[in-house]
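# Requesting a structural model of the entry that follows:
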Amino acid sequence: MILVKEYGSNWQVIAEMMGNKTGRQVREKYMNNLNPTLKKEEWSEEEDQKIYELFLKHGCKWTLIKKSMPKRSVFSIVNIFLGAYD
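All right, here's what the predicted structure looks like:
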């Protein structure tokens, strides 16, 4: 988190400082787990319904679906959808 505050979204620079990760790995970890703006609480029934409706409208375009749910990560949206409708 300190590196993100200092270098912003320059994932490649942060990855080089870490030494054992790629820029993509660093970005995905931050965007899906560490970003402090992400909502970590349990999913509500309204959110579940919204994912289902957006899936019917957009299909598997998870990034597009995420735009309607800005406080949730793409990773969590996909996991909730697959868990609920598997």
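# Just the helices from the protein, written as ranges.
Assigned by DSSP state H, the chain shows helices spanning 2-7, 11-18, 23-29, 45-58, 62-66, 74-84.
# who wins for proximity to residue 36 among those helices?
When the helices of the chain are compared by CB to CB, helix 2-7 sits nearest residue 36, at 9.6 Å. Yep, even glycine has a C-beta here, placed from its N, CA and C like the rest.
# so residue 77 touches residue 66, yeah?
Yes: with contacts counted by CB atoms under 8 Å, residue 77 reaches residue 66, the gap being 5.8 Å.
# leaving aside the residues next to it on the chain, what's closest to the spatially most central residue of the chain?
For the chain, residue 73 is the residue whose C-alpha lies nearest the centre (CA atoms, centre = their mean; 2.4 Å). Spatially, and ignoring its direct neighbours in sequence, residue 73 is nearest to residue 32 (4.3 Å; CB to CB, 6 or more residues apart in numbering).
# ok, now which ones touch the one you found?
73-76 (CB atoms under 8 Å, 6 or more residues apart in numbering).
# Out of those, which two are the most distant from each other?
Spanning the widest gap among these are 74 and 76, at 7.5 Å by CB to CB.
# For the chain, give me the ranges with low pLDDT.
Residues of the chain that meet the criterion pLDDT under 70 lie in 84-86.
# Apply 80 and report the result again.
Within the chain, the segments meeting pLDDT under 80 span 1, 84-86.
# Contact partners for residue 29?
residue 21.
# I'd like to know how far it sits from residue 66.
Relative to residue 66, residue 29 is positioned 16 Å away (CB to CB, to the nearest Å).
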